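Novice: Here is my input; please provide its structure:
(one chain, ligands or ions: 1)
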Amino acid sequence: MVRLVKPNIKYKKSFLEAQEEFKIEDRQDDTLKGLRDNFPAYIKLLKNQEKGRDLPNGYVPASVYWLVDGDKFIGKVSIRHKLTELLRKYGGHIGYEIRPSERKKGYGAKILALALKKSEQLGIKKVLVTCNEDNIGSKKIIEKNGGIFESKVKADSGKDSGKIKLRYWINIYD
Ligand SMILES: CC(C)(COP(=O)(O)OP(=O)(O)OC[C@H]1O[C@@H](n2cnc3c(N)ncnc32)[C@H](O)[C@@H]1OP(=O)(O)O)[C@@H](O)C(=O)NCCC(=O)NCCS
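Specialist: So this is what the prediction gives:
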């Protein structure tokens, strides 16, 4: 059965295999670069960042969970505890990704549904989720999870600079 777990060394092998798949599409976890040989340090960093320590400038605390099936890493989700101006504009509370070999099996919709439960536990009442306008899969995932479209905005920084972002709110008490 698939479930969300806190990052844990026991998934190292499968997690690193998934990183190879992400590398092909240039989506490798930046935080992991240089920490590949020190996986416990990577796990510790994620734990610290959840508590608001060791955060890059401008970052807010975030809880990271991995979607796993048995020992297999399937995807990951990051839940930012609050919004900065930039996150409110187009970053959103929740970011997720499914490893390429496990896509189009419903895991994207599942990871967001499970992340919404975690958001509720974190006390977030209204969740902002965004996606690129051309990301059909993500748009469907957000709408399936009750996303109510608010607006479109052009990203003006980061790797998606110039791209149109769709902003949706999900009221988790509905
Ligand atoms: C977007 C992403 C999370 C989708 O994950 P997934 O596990 O394939 O999603 P699901 O299987 O739950 O698919 C949800 C719906 O989107 C559709 N879909 C998924 N990928 C699609 C694609 N590339 N093109 C068109 N439709 C797509 C599915 O067919 C499904 O449609 P249905 O409900 O009508 O059957 C995954 O492609 C990914 O990790 N991409 C890179 C990171 C990313 O874009 N994250 C989202 C940031 S906002």
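
Novice: where does Glu143 sit relative to Lys6, distance-wise?
Specialist: If you measure Glu143 against Lys6 using Cβ to Cβ, to the nearest Å, the figure is 28 Å. (Each C-beta comes from the backbone N, C-alpha and C, glycine too.)

Novice: Close to the ligand: what parts of the protein are there?
Specialist: Residues of the chain that fall close to the ligand, judged by Cβ under 6 Å from any ligand atom: 95-98, 103-109, 131, 135-138, 140-141.

Novice: Between Glu143 and Lys6, tell me which one has more neighbours.
Specialist: Taking neighbours as other Cβ atoms under 10 Å, Glu143 and Lys6 compare with Glu143 leading, 15 against 12.

Novice: show me what contacts the more buried one?
Specialist: Tyr168 (Cβ atoms under 8 Å, 6 or more residues apart in numbering).

Novice: Per-residue pLDDT of it, please?
Specialist: Looking at Glu143, its pLDDT stands at 98.

Novice: Now do the SS call for it.
Specialist: Secondary structure of Glu143, reduced to three states by DSSP: H, G, I helix; E, B strand; the rest coil: helix.

Novice: and if you look at the one 10 residues further on?
Specialist: Following three-state DSSP, the label given to Val153 is strand.

Novice: cool, and Glu150?
Specialist: With three-state DSSP as the criterion, Glu150 reads strand.

Novice: Thank you kindly, that will do.
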